[in-house]
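Trainee: After the sequence you'll find the predicted model.
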Amino acid sequence: MSDDVSLELVDPGSAEAREAVAAYLLELDERFEEGFDPSEAAGDEEKFGGDHGVFIVAVLGGGVVGCGGLTTIGEGVAEIKRMWVAKDARGRGVAGQIRRRLEELAVELGHDVVRLDTNRALTNAIEMYRAAGYADVERYNANPYADFWFEKRLTS
């Protein structure tokens, strides 16, 4: 675990959020067999802003090393999106810190279920979600890049 990482709630249109999401999208384009169209992230500012979403960045040594967003997709149901940790910050527990904070925020927003989807190329993420109690569920969205869909029931 990395005690020197801070998680900051930011506006999804902030420079920090944009920097993190740009790095995330670039990595997806490199890792996915079919590449990744960055236009899939259009609308993030609306999704993760206002009363129905939040966006956090992970900061280490003064630089942004991770991010994650949470948006409402149904009554009592939130979705985690744009969860990413920079390659040089991996293995320090940052992803787990981001995930746990997003789950806490979901509860604070009144959700009792959180969902997410991911691509088969992101094997470490798949392992992390399953180890954290996420169960495989049927497809719940039309994300063309998703191969796995997960859900976790939250307790306050």
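Mentor: That came through, no problem. Values in this document were obtained by computation on a predicted structure and should not be read as measured data. Numbers count the residues shown, from 1 in each chain.

Trainee: Quick one: name whatever helix or strand follows the helix ranked longest in the chain.
Mentor: When secondary structure is assigned using DSSP state H, the longest helix within the chain turns out to be helix 15-31. Next helix or strand after helix 15-31 toward the C-terminus (DSSP states H and E): helix 44-47.

Trainee: buried set for that next one?
Mentor: Neighbour counts over helix 44-47 (16 or more other CB atoms under 10 Å) mark 44-45, 47 as buried. C-betas here are computed from N, CA, C, even on glycine.

Trainee: need those in JSON lines with pLDDT, can you?
Mentor: JSON lines is the format used below for those (pLDDT from 0 to 100):
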{"residue": "D44", "pLDDT": "85"}
{"residue": "E45", "pLDDT": "88"}
{"residue": "K47", "pLDDT": "90"}
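
Trainee: that older thread, buried ones in the longest helix of the chain?
Mentor: Residues of helix 15-31 classed as buried by neighbour count (16+ other CB under 10 Å): 16-18, 20-21, 23-25, 27-28.

Trainee: do stretch 73-83 as well
Mentor: Neighbour-count burial for stretch 73-83, counted by 16+ other CB under 10 Å, picks out 73, 78-83.

Trainee: And the helix or strand of the chain with the lowest mean pLDDT, what does it pack against?
Mentor: When the helices and strands of the chain are scored by mean pLDDT, DSSP states H and E, helix 44-47 comes last with a mean of 88. In terms of contacts (3 or more CB pairs under 8 Å, 6 or more residues apart in numbering; DSSP states H and E), helix 44-47 is packed against strand 63-74, strand 77-85.

Trainee: With distance to E104 added, can I get those strands in TSV?
Mentor: Formatted as TSV, the helices and strands packed on helix 44-47 follow (distance: least, CB to CB, whole Å):
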stretch	distance to E104
strand 63-74	10
strand 77-85	11
